[in-house]
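*Asks:* what follows is a predicted protein model with its sequence.
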Amino acid sequence: MTVRTDQTDPGRAIGLDVSSVSKMFGSFVALKDVDLKVPAASFHAMLGENGAGKTTLVRCITGYYHPDHGKIAVDGHAVTIASPRDAHRFGIGMVHQSFTLVPSLTGAENLVIARTDRPLVFHWDSELKRMNEFLERMPFRAPLDVPVWTLSAGEKQKLQILRQLYLNQRFLILDEPTSVLTPDEAEELLGRLRDMTRAGELTICLITHKLREVRAFADEVTVLRRGEVVGVGRTADLTNADIAKLMVGDTPPPSRWTSRKPAQPAGHPAFEIRGLAADRDDGMAAFRDIQLAIQPGEIVGIAGVSGNGQSALLEALCGQRAVVSGEVWAHGERVPPTRAAFAKHRMFSLPEEPLKNAAVGRMTVAENLALRTFDRAPLAKGGWLSSAAMRRQAIGLIGRYRIKTPSPSAQIDTLSGGNIQRTVLARELSGNVGILIIANPCAGLDFTSTDAIHAEIMDQRNRGVAVLLVSEDLDEILELADRVVVMSGGRITYAASIADTDRATIGHYMAGEKTAEAAI
Amino acid sequence: MVAPTKVGKWSLGVRTWLHYRAETFIIPAVALLASAAYFSVFLICLGKSPGEFFFLIARGGFGTLFSWQNTLVRAAPLILTALCVAIPARMGLVVIGGEGALVIAGFSAGAIAIPLDQSVAPMFITLAMGLTAVVVGACWIGLVGWMRHARGVNETISSLLLTYIAIAIVNFFIEGVLRNPADPNRPSTKAINPDAMVGAIPGLHVHWGLAAGVVLAVLLYLLMDRTTFGFAARIAGGNPRVAEAQGLSVGRLIVTGCFIGGACAGLAGFFEVAAVHGRANAALHANYGFTGILVSFLARHSPLAIIPVACLFGGIGAAGGLIQRRMELPDATVLLLQGVVFVTLLASETLYGRLPFFRATQDSHT
Amino acid sequence: MSDLWSALTLVLIALLGGIVRVSTPFLFVSLGECLTEKTGRINLGLEGTLVLGAMTGYAASYLTGSPWLGIGAAALTGMVFGAFHAILCQLPRVNDIAVGIALIQLGTGAAFFFGKPFIQPTAPHMPSIALGWWSSNPDLQNALLINPLFPMGIALAIFLRWAFRNTYWGLIVRTTGDSEPAARDLGVSVNGVRLAATSIGGLLAGIGGAFLSLSYPGSWNEGLSSGQGLMAVALVIFARWDPVHCFYAAVLFGAAGAIGPALQSVGVTQGYYFFNAAPYILTLLLMVASGRSKRAARDMPRELAITR
């Protein structure tokens, strides 16, 4: 197998043939007899739920894992991929879901450090000349001379892809590349990549869970479930229903909530954000002029790709970020970010990444369950804690919410992600809730857990809770929300009730202004 | 898997408690033994006998009533300076400025006694000294907490810098304006009225500072582990973001914790001046603050555990002179031993949650 | 009036020489810490490395008769100590700030323990470069006796800044400190890079320490260093992790530390302790001023967690 050097002529797409690959971790079977055949210059999609084995398979292909059995062939030649460096040499590149660019380096510097021939010293004149020549031949561009942290998510994604192409990686695995892009950007990017495959320059293996993308761009599909291939075929021959069924299997989806109670007539809003504005840590504006009102028994969804101020807004609402101007009101009065105010207005929150944002890793499950109630009766009397009462409360909640833990005294960071999420849910939703603030509740969870959480949220809504749902998953918002609002560039650019709008329109507003940083 | 519906309150509680806490006892003990082993190897390389070394520590620190008194006199300030590290540590801060707080608080106590000497009854002099020391110490470390909260200044660096500043300030006054002319050899403040000095606990030839330390340790244990304030503080120490989301005021908790810690170190300074030396001079800077850091870490920042660990290090310190004379080792030997213990202890942190023995016990409850 | 002028000139001359003298250890230690922090790790133990380097350098110079072998021995000791820090911090769940504190105690303890026999004897010190040969004023000549480490330090600062922008390893260092996932994606061993950087950092701190004991007039005692290693860590933050700014900051600290002795040379002895405290107070003020600075947040290597 000849070693490919960087930046040779336009390059030729390469094909990959994975046969009967198996991988076990101890007694856990991650992959069993998996075949993946991707002919050169094709656009292949790999689908599967979380935990289906996509990541493991991809790690075997890119050299992070070694398969226990099976063969891999690149362009017809059998190869052994012992390390990520080998994979690079054979022309296999991967673009990860989370950015692996170095924020403080410029685009050019990011390109240069990835080169396989590593000169000790760089001569920037010749390097930049070569890069510009390379960019000429590419269907899209990204700025090379500014530090990467100033770029928008879309530009970063393009830069990552450009880096792989610069290194002449002609088999590209893309892991959920459009999750941080607006629908328009996603359309453009995938479209251009498909053009490159049609021109014979590139082979793409797209990992996604978005059936629309598969339908629109992929030639063929491989579906994984529980470590095995359950379906392979041309996208033209499969319907969406076929694919969905392959992904989740024959078990019927758990019963959805049957009724969505009709929305209440508009009265006094339960929760209002009045002209809120805050800054980021580095001093630039995070968001400005956020004006929002939520009725009791209503779900308002904030749509938008990440990086447009949503996280900062959530932090400001929960008291984790200082506010530059504006106020938060609930039930007709102003709400300062204090414990007493949260308790009075029954404000609860489910932030994203629960272990990082909603739980104290080193404390026990029982203690984490008591974060809202530890300073009130029956857990506290006159400033003294009652550990017996705390334990009783914990045992009750563990049973009700089916939290899988060896004991209430187990440290919470020893639990699985799903169980940590359940613990946070138990703590926040078990009381008398008035206002609920939720962010990306189902990130990284499988279909069943996602359904269960959606059911919980709808249940709260039907009971009259005012829900603010911030989500990067437009489908989630379309399913749950009564009204939708789009945040782009740190401002609200669109608001409508779900009945009066559609995905395309919302997507159009999500595209909005290009860079979050430059906008304000 | 469904959680247990029937819980035998007593047995499950105590057994779980034991299994989860066993790790926190056993691993530091292992670290202590390991460092003793490393140090023994070191001594052998020097041609000295480890057996004799540890025997002398046992003798000089814990062998006779006299050595126990010596040990306890050293343990008293160690308990307090260790608390100065432990309380902020439970809140997520690594504060190592106990030495500086001790020195400047002790000096303030000695200084305030001077104008009061003739005019006020001795008991009130003592009271004034104690109050001054506590307030000065509290503010000194409170400043560290404030700088961390308001300006994001790393508290480890700032507390150590404040220690050097405290020593410089105290030296300035002791060698200058407040220097006692009656003592030409050693710069020091005027000796305080002997009637105003703190006496010894009856029966024990150890000053009341020991009792104060023990009582404070118990009180602070109760505060941190059994009150809502302590719970809130531990949340802030474990994950400040979550603390904020729960509406707790992390800044107030941090600064309060630093005030409490500083007050403890200040109290140590008070006793050093009012019970041991009778005046403020360079002897205040006796490394109690720095040894206190190690005591707190070895006790895993638990106020109750600090008491026995402080006695251990008090004993090692008490035996220092004996070791120096009998084994012809330099006085820095104890310092070196402490360094070895500290490093080994920190390295042993990596064993938590990884030893199969403890993991098995944790999973065995279904 | 001419008395005042001559006194003033004397102070300035003394200050000049003092700046070079006092800033040299700051320069070396801060450059070492700059390199370490650029890879995303903070080494607070440099204070201990400094003292240990001072003792080792002095002892080696005494035992071998060559101050340059002394510097070499100090560099080697510093490197080993830095490597030790890196290896400890590599272990999961080990807190690198606590390790730094422990190493200060270990380094100081070891230095005092082994250094006892070297307190009295005099060891050969480093030769100085006489930059004042053109002057007839003996005080000026004295003040302009510069030790060779100072220009070496300047050259090192310039080299490091160039290397961070133009060499492969320089970019890799910046990558490791800014984004661990990116470094791993490139196939770079994050722990390996940090080990190398912390070791070199320790090496430079050891040299800085050796300067304290081996520069004219040269001596070893237990009060040699008091916090220079610590201040160097603060200095790096103030310098925004740029090596050339570290040099400027080192000169600033050198000036702060040299004012006291410079004034003493003309007989101004009051406030001796205040001037002693000046560098610490300066450090504290700088830290407070730059603590919430937005630019600092942008320039900081993102993997460095100074305020957690």
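*Replies:* Done, it's in. Numbering: from 1, shown residues only, chains lettered A, B, ... in the order given.
*Asks:* name the residues of the stretch 251-366 of chain B found near chain C, please.
*Replies:* Neighbours of chain C within the stretch 251-366 of chain B, by C-beta under 8 Å from any C-beta of the partner chain: B:290, B:293-294, B:297, B:330, B:332-333, B:335-340, B:342-343, B:345-347, B:349-350, B:352-354. To be clear about C-beta, it is placed using only N, CA and C from the backbone, and glycine gets the same treatment.
*Asks:* next: the stretch 51-200 of chain B.
*Replies:* Counting by C-beta under 8 Å from any C-beta, the stretch 51-200 of chain B sits next to chain C at B:92, B:94, B:96, B:147-148, B:150-154, B:156-158, B:160-162, B:164-165, B:168-169, B:171-172, B:175-176.
*Asks:* out of the residues you listed, name the ones that lie in helices.
*Replies:* B:147-148, B:150-151, B:156-158, B:160-162, B:164-165, B:168-169, B:171-172, B:175 (DSSP state H).
*Asks:* of these, buried ones?
*Replies:* For those, a neighbour count by 16 or more other C-beta atoms under 10 Å in any protein chain shown gives the buried set as B:147-148, B:151, B:156-158, B:160-162, B:164-165, B:168-169, B:171-172.
*Asks:* the residues of the stretch 251-366 of chain B next to chain C, buried ones only, as a PyMOL selection?
*Replies:* Restricted to buried positions by 16+ other C-beta under 10 Å, the PyMOL selection for these reads:
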select buried, chain B and resi 290+293+294+297+330+332+333+335+336+337+338+339+340+342+343+345+346+347+349
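*Asks:* ok, and what's touching stretch C:54-68?
*Replies:* Applying C-beta atoms under 8 Å, 6 or more residues apart in numbering or on different chains, the contact partners of stretch C:54-68 are C:69-74, C:76-77, C:111-112, C:114-115, C:118, C:121-127, C:206, C:209-210, C:212-214, C:218-220, C:224-225.
*Asks:* where does whichever residue of the stretch 351-500 of chain A sits closest to chain B sit: helix, strand or coil?
*Replies:* Closest residue of the stretch 351-500 of chain A to chain B, C-beta to the nearest C-beta: residue A:360 (3.7 Å). At residue A:360 the chain is in coil, as set by DSSP: H, G, I helix; E, B strand; the rest coil.
*Asks:* burial count for the closest residue to it other than its chain neighbours?
*Replies:* Nearest residue to residue A:360, sequence neighbours excluded (C-beta to C-beta, 6 or more residues apart in numbering or on different chains): residue B:238, at 3.7 Å. Residues near residue B:238, counting by other C-beta atoms under 10 Å in any protein chain shown, number 19.
*Asks:* quick one, what contacts residue 76?
*Replies:* No chain in the question, so chain A it is. By C-beta under 8 Å, 6+ apart, the contact list for residue A:76 reads A:15, A:17.
*Asks:* oops, I was thinking of chain C
*Replies:* Counting by C-beta under 8 Å, 6+ apart, residue C:76 touches C:56, C:203, C:206.
*Asks:* and the pLDDT at residue 6?
*Replies:* Assuming you mean chain A. Residue A:6 is assigned 45 on the pLDDT scale.
*Asks:* you answered for a different chain; I wanted chain C.
*Replies:* 78.
*Asks:* could you confirm it falls within a helix?
*Replies:* Yes. Assessed with three-state DSSP, residue C:6 lies in a helix.
*Asks:* measure it to residue B:78 for me?
*Replies:* 54 Å (C-beta to C-beta, to the nearest Å).
*Asks:* between the two, which has more neighbouring residues?
*Replies:* residue B:78 (29 against 11).
*Asks:* now do that one against chain C, distance only.
*Replies:* Relative to chain C, residue B:78 is positioned 15 Å away (C-beta to the nearest C-beta, to the nearest Å).
*Asks:* give the contact list for that residue.
*Replies:* B:288, B:291, B:292, B:295, B:310, B:313, B:314.
*Asks:* what's the closest non-adjacent residue to it?
*Replies:* residue B:310 (4.0 Å).
*Asks:* buried ones in whatever helix or strand the one you found lives in?
*Replies:* Assigned by DSSP states H and E, residue B:310 belongs to helix B:303-318. Across helix B:303-318, burial judged by 16+ other C-beta under 10 Å covers B:303, B:305-307, B:309-318.
*Asks:* go on, stretch B:169-189?
*Replies:* B:169, B:170, B:171, B:172, B:173, B:174, B:178, B:179, B:180, B:187, B:188, B:189.
*Asks:* picking that back up, any chance of the buried residues of helix B:303-318 in TSV, with pLDDT and distance to residue A:188 too?
*Replies:* Output for those, formatted as TSV (pLDDT from 0 to 100; distance: C-beta to C-beta, whole Å):
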residue	pLDDT	distance to residue A:188
B:303	95	61
B:305	93	62
B:306	95	63
B:307	95	68
B:309	94	64
B:310	95	67
B:311	94	71
B:312	94	68
B:313	94	67
B:314	93	72
B:315	93	74
B:316	92	70
B:317	90	72
B:318	90	76
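*Asks:* between these, which is closest to residue A:70?
*Replies:* residue B:305 (54.0 Å; C-beta to C-beta).
*Asks:* mind listing what that closest one touches?
*Replies:* residue B:299 are the contacts of residue B:305 under C-beta under 8 Å, 6+ apart.
*Asks:* separation between it and residue B:219?
*Replies:* Residue B:305 sits at a distance of 15 Å from residue B:219 (criterion: C-beta to C-beta).
*Asks:* I'd say residue A:29 and residue A:68 touch.
*Replies:* No. The criterion here is C-beta atoms under 8 Å, and residue A:29 misses it with residue A:68 at 9.8 Å.
*Asks:* give me the mean pLDDT for stretch B:222-234.
*Replies:* On average, stretch B:222-234 scores 94.
*Asks:* endpoint to endpoint, it covers what distance?
*Replies:* Length of stretch B:222-234, first residue to last, C-alpha to C-alpha, to the nearest Å: 13 Å.
*Asks:* anything in that stretch near chain A?
*Replies:* Yes. Interface with chain A: stretch B:222-234 contributes B:226, B:227, B:228, B:229, B:230, B:231, B:232, B:234 (C-beta under 8 Å from any C-beta).
*Asks:* how about the helices in the stretch 1-150 of chain B?
*Replies:* Counting by DSSP state H, counting those that start in this stretch, the stretch 1-150 of chain B has helices at residues B:9-45, B:50-62, B:65-90, B:98-116, B:122-151.
*Asks:* mind checking pLDDT for residue A:256?
*Replies:* Residue A:256 is given a pLDDT of 52.
*Asks:* can you name the helix or strand that the residue of the stretch 201-350 of chain A found nearest chain C falls in?
*Replies:* Chain C sits closest to residue A:283 of the stretch 201-350 of chain A, with a gap of 3.3 Å, by C-beta to the nearest C-beta. According to DSSP H and E, residue A:283 maps onto no helix or strand at all.
*Asks:* now swap in residue A:20 and tell me
*Replies:* Assigned by DSSP H and E, residue A:20 falls in strand A:16-25.
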